[in-house]
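Student: fold the following for me, if possible:
(one chain, ligands or ions: 1)
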Amino acid sequence: MPAIKFRGVDFIEFDTLLNDDERLVRDTARKFIEDNLVPIIEQCNRAGRFPRELVKPMADLGFFGASLDGYGCAGMSNVEYGLVTQELERGDSGVRSFVSVQSALVMYPIYTFGTDEQKNTWLPAMQKGEKLGCFGLTEPDFGSNPGGMRTRARKVGKEYVLNGEKMWITSGSIADVAVIWAKVENEGDKIRGFLVETDRAGFKADDIHGKWSLRASVTSGLSLQDVRIPESNLLPGTGGLKSPLMCLNQARYGIAWGAVGAAMACYDCALQYSLLRKQFRNQPIASHQLVQEKLTWMINEITKAQLLVLQVGRLKDAGKVQHQHISMAKRNNVWMALECARLSRDLLGANGVADDYPIMRHLMNLESVKTYEGTHDIHTLIIGASVTGIDAF
Ligand SMILES: Cc1cc2nc3c(=O)[nH]c(=O)nc-3n(C[C@H](O)[C@H](O)[C@H](O)COP(=O)(O)OP(=O)(O)OC[C@H]3O[C@@H](n4cnc5c(N)ncnc54)[C@H](O)[C@@H]3O)c2cc1C
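Tutor: As a prediction, the model looks like this:
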């Protein structure tokens with residue numbers, strides 16, 4: 001079977017809905033992924049290795065904090081940024097996760113809630129990929145309900161002292177700075193965000209091994225034991241659970257685009273394979289109705305997902321997006337991508353389980369993507385609350 005090369009997926013002239021700048025950004029990201037990530041990703045996945053050598057080249061293309069203005073950031077529109085995450089995840093969900101965390105979960109809160117000094121210290125260096133960040137919200141006992149967090153901060157003189165455990169933290173052990181969410185004891189347990197340099201005494205990050213998903217991304221547990229930070233490390237604009245949820249909204253938006261990328265990778269591979277692979281009467285398997293039904297399901301759902309996330313992006317660029325819009329895009333598109341990965345895996349038969357093809361990797365990755373940044377069912381409840389006005393959590 002000859003090597004299968006990605007050709008893009010566009011059934012209803014989706015490209016005509018994009019302007020020249022958007023297409024240019026998308027094509028640049030696509031070429032970067034094709035030339036730099038695709039040749040190494042299966043090996044990284046096998047080895048459980050994050051391709052750190054791509055950090056600088058990705059920074060040079062403006063991928064970090066891409067939709068922020070100033071501090072060396074690219075100032076892309078939300079649609080342009082979304083197209084970048086689509087292409088990144090077409091390569092690998094783990095690499096897209098790294099960019100999402102750096103951009104949406106670390107640079108965004110510094111940009112939105114931080115002081116000028118914090119912004120000047122961190123944003124230019126993070127944009128250049130010289131400093132890396134992680135976002136510590138989830139704990140061993142609290143995931144979907146982060147409001148239950150046990151991590152505490154106590155103000156002592158001109159310092160805060162932090163204690164707690166964070167779990168499942170992307171980029172935890174490679175980060176220079178962690179955005180840590182904690183309840184402040186002297187403020188009636190109000191949730192606030194803190195910048196914690198990872199070389200501070202009492203801070204420890206240990207990687208989680210044995211993941212069968214996002215193997216090309218670092219995932220760690222964080223432990224904070226009497227970590228003392230100056231009061232100037234508090235992100236002063238944070239206050240309440242709303243603050244981390246605002247960050248998650250940014251990341252979920254990128255995920256909704258990214259999932260389209262993963263689905264396109266699986267579908268295009270399965271389509272090309274089914275046209276090449278012959279079984280009965282020396283005919284390609286694509287000639288059978290049952291195979292066509294699977295391909296039709298996929299292109300149908302991918303096309304709907306592209307339109308959904310583009311509209312959410314347009315609303316975001318117009319300053320009109322609501323969190324429930326982003327929930328719908330994340331929920332639908334990740335579910336759709338996972339179904340596409342499963343159908344594509346099926347269409348490749350035994351070859352579908354081998355890493356000569358990208359499908360099983362995407363399938364395994366998407367299981368995490370379905371769970372993180374609000375599980376599929378949590379987004380069901382967010383949309384349900386939006387349409388009924390009743391919280392069912
Ligand atoms: C690879 C990876 C990377 C991650 N990176 C980060 C990171 O960088 N930073 C970070 O803070 N977190 C990160 N996470 C954590 C992630 O956000 C959580 O796993 C997620 O929020 C779900 O929490 P949980 O795993 O504790 O599951 P739980 O909350 O225990 O949920 C388990 C199941 O119960 C369901 N459930 C829970 N509550 C309800 C309800 N009210 N009604 C119906 N069903 C419900 C869920 O939908 C799910 O099916 C990462 C996770 C993974 C897998």
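
Student: and the residue of the stretch 1-150 of the chain closest to the ligand?
Tutor: G143 (1.9 Å; C-beta to the nearest ligand atom). Yep, even glycine has a C-beta here, placed from its N, CA and C like the rest.

Student: pull the number of nearby residues for that residue.
Tutor: Counted with other C-beta atoms under 10 Å, residues neighbouring G143 total 17.

Student: find the nearest non-adjacent residue to it, please.
Tutor: Excluding the flanking residues, the one nearest G143 by C-beta to C-beta, 6 or more residues apart in numbering is W168, at 7.5 Å.

Student: equivalent analysis for T28, please.
Tutor: L61 (6.6 Å).

Student: residues contacting the one you found?
Tutor: L61 makes contacts with T28, A29, F32, as judged by C-beta atoms under 8 Å, 6 or more residues apart in numbering.

Student: let me have those in TSV, extended by neighbour count.
Tutor: Shown next, in TSV, are the contacts of L61 (neighbours: other C-beta atoms under 10 Å):
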residue	neighbour count
T28	15
A29	25
F32	20
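
Student: in strands, which of the residues you listed appear?
Tutor: Counted as lying in strands by DSSP state E, out of the contacts of L61, is not a single one.

Student: which of the residues you listed sits closest to L343?
Tutor: For those, the closest approach to L343 (C-beta to C-beta) belongs to A29, at 25.7 Å.

Student: check which helix or strand the closest residue to the closest one other than its chain neighbours maps to.
Tutor: Computed as C-beta to C-beta, 6+ apart, the closest residue to A29 that is not its neighbour in sequence is E87, at 3.7 Å. Assigned by DSSP states H and E, E87 belongs to helix 78-91.

Student: helices or strands up against the next helix or strand after that helix?
Tutor: Under the assignment DSSP H and E, the closest C-terminal helix or strand after helix 78-91 is helix 93-100. In this structure, helix 93-100 packs against helix 78-91, helix 242-276, helix 359-371, with contacts taken as 3 or more C-beta pairs under 8 Å, 6 or more residues apart in numbering; DSSP states H and E.

Student: in a markdown table, list the ones you listed along with mean pLDDT, distance to the ligand and mean neighbour count.
Tutor: Formatted as a markdown table, the helices and strands packed on helix 93-100 follow (pLDDT from 0 to 100; distance: least, C-beta to the nearest ligand atom, whole Å; neighbours: other C-beta atoms under 10 Å):
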| stretch | mean pLDDT | distance to the ligand | mean neighbour count |
| --- | --- | --- | --- |
| helix 78-91 | 98 | 14 | 28 |
| helix 242-276 | 98 | 8 | 24 |
| helix 359-371 | 98 | 4 | 23 |
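
Student: in a markdown table, list these along with distance to L24.
Tutor: Shown next, in a markdown table, are those (distance: least, C-beta to C-beta, whole Å):
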| stretch | distance to L24 |
| --- | --- |
| helix 78-91 | 9 |
| helix 242-276 | 16 |
| helix 359-371 | 26 |
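
Student: which ones are touching the most centrally placed residue in the chain?
Tutor: Central residue of the chain (C-alpha atoms, centre = their mean): S97, 3.7 Å from the mean position. Listed by C-beta under 8 Å, 6+ apart, the contact partners of S97 are T170, L214, S217, V369.
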